[in-house]
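Novice: any chance you could fold what I've pasted below:
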Amino acid sequence: MSIERIGAERTGAGGQALPFSPAVRAGDFIFISGQIAMTETGEIESGGIESQTRRTMENLIAVLRKAGCTLEDVAKVNVWLDDPRDFWTFNRVYASYFPNGAPARSTVRSQLMVDAKVEIDATVYKPVR
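Specialist: Okay, the predicted model is just below:
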């Protein structure tokens, strides 16, 4: 089994190179790196948990698309929230992206490495054809 790195290198604030692949395929599984509410300019989306959750989910969808996948292929999601008081608002926005049923999920409170309110990574099952 070979490892395939998917997606171009990303840059953060100030054009700093980020030392990870957006996604990696290992056999029938694709591992999506943690996504945050980073805009195209490398800055964090302004606003609260609602706007940051939407941007984070759209970033996740963009990486899934590069890997030839959709949210329907996601088997497991890990979520880190900076503030536990955001949990219910996060859930409402997150659920809107999974109208046909959500994947397995873990959610924890954690101080994030950047000034974001939420980070989401995913494990995808998409058999190689």
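
Novice: please make it C-alpha for all contacts and neighbour counts, starting now.
Specialist: OK.

Novice: now for the helix or strand hosting Ile61, which elements pack on it?
Specialist: For Ile61, the host element (DSSP states H and E) is helix 49-66. Judged by 3 or more CA pairs under 8 Å, 6 or more residues apart in numbering; DSSP states H and E, helix 49-66 is in contact with strand 29-35, helix 87-95, strand 118-125.

Novice: of all the ones you listed, which one comes closest to Arg5?
Specialist: When these are compared by CA to CA, strand 29-35 sits nearest Arg5, at 9.6 Å.

Novice: and the angle for the closest one with helix 49-66?
Specialist: Using axes from the mean of the first three to the mean of the last three CA atoms, to 10 degrees, the direction of strand 29-35 lies 150 degrees away from that of helix 49-66.

Novice: what packs against strand 29-35?
Specialist: Secondary elements touching strand 29-35 (3+ CA pairs under 8 Å, 6+ apart): strand 23-26, helix 49-66, strand 118-125.

Novice: highest average neighbour count across those?
Specialist: Sort those by mean neighbour count, taking mean count of other CA atoms under 10 Å, and strand 118-125 sits at the top with a mean of 23.

Novice: wait, what's in contact with the residue positioned nearest the centre of the chain?
Specialist: Centroid check for the chain by CA atoms, centre = their mean gives Gln35 as the closest residue, at 3.4 Å. For Gln35, the contacting residues are 56-57, 59-60, 119-121, by CA atoms under 8 Å, 6 or more residues apart in numbering.

Novice: need those in a markdown table (columns: pLDDT and distance to Arg109).
Specialist: Converted to a markdown table, these look like this (pLDDT from 0 to 100; distance: CA to CA, whole Å):
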| residue | pLDDT | distance to Arg109 |
| --- | --- | --- |
| Thr56 | 98 | 16 |
| Met57 | 98 | 18 |
| Asn59 | 96 | 21 |
| Leu60 | 97 | 20 |
| Glu119 | 97 | 10 |
| Ile120 | 98 | 12 |
| Asp121 | 97 | 14 |
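
Novice: appreciated, that's everything.
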